[in-house]
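J.: any chance you can model this:
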Amino acid sequence: MQLETIQNLLQISCHFNTSSITHSFVVNQGESLTVRCLKDTFVLEITSSKTQQKKQYLSVEQASTEIFEQTQAS
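T.: Numbering: from 1, shown residues only. Coordinates of the predicted model:
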């Protein structure tokens, strides 16, 4: 998936931050990243299915770059 496409998906999530929209991205076999915009904020939270570690990002650009790099590394 292209970086621009990921950015667009995350912008939509933040635009509708009063709803609960979740996107999942496959990193490698058996692992995925789940991203959501925390309700009523513009904070993007990315959770790894493998480690259950959560990271929060204040910008769409940072979050989308993280997702793009991890999905391309697999």
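J.: so what touches stretch 4-16?
T.: 21, 23, 25, 35-37, 42, 44, 60-61, 63-64, 67-68 (CB atoms under 8 Å, 6 or more residues apart in numbering). Every residue, glycine included, has its C-beta placed from N, CA and C.
J.: looking at those, which are in strands?
T.: Using DSSP state E to define strands, the subset of the contacts of stretch 4-16 located there is 23, 25, 35-37, 44.
J.: can you pick the most crowded of these?
T.: residue 37 (27 neighbours; other CB atoms under 10 Å).
J.: beta partners of it?
T.: Judged by DSSP bridges, the bridge partners of residue 37 are residue 44.
J.: can you name the residues that contact it?
T.: Here residue 37 is in contact with 10, 13-14, 16-17, 21, 43-45 (CB under 8 Å, 6+ apart).
J.: check residue 20 too.
T.: So residue 20 contacts 36, 39 (CB under 8 Å, 6+ apart).
J.: which one of the ones in strands among the contacts of stretch 4-16 is nearest to residue 73?
T.: residue 25 (11.9 Å; CB to CB).
J.: which stretches of the chain form helices?
T.: Applying DSSP state H to the chain gives helices spanning 3-15, 60-73.
J.: out of those helices, nearest to residue 30?
T.: Taking the helices of the chain one by one with CB to CB, helix 60-73 is closest: 13.9 Å.
J.: tell me the buried residues in that closest one?
T.: Buried residues in helix 60-73, counting neighbours by 16 or more other CB atoms under 10 Å, are found at 60, 63-64, 66-68, 70-71.
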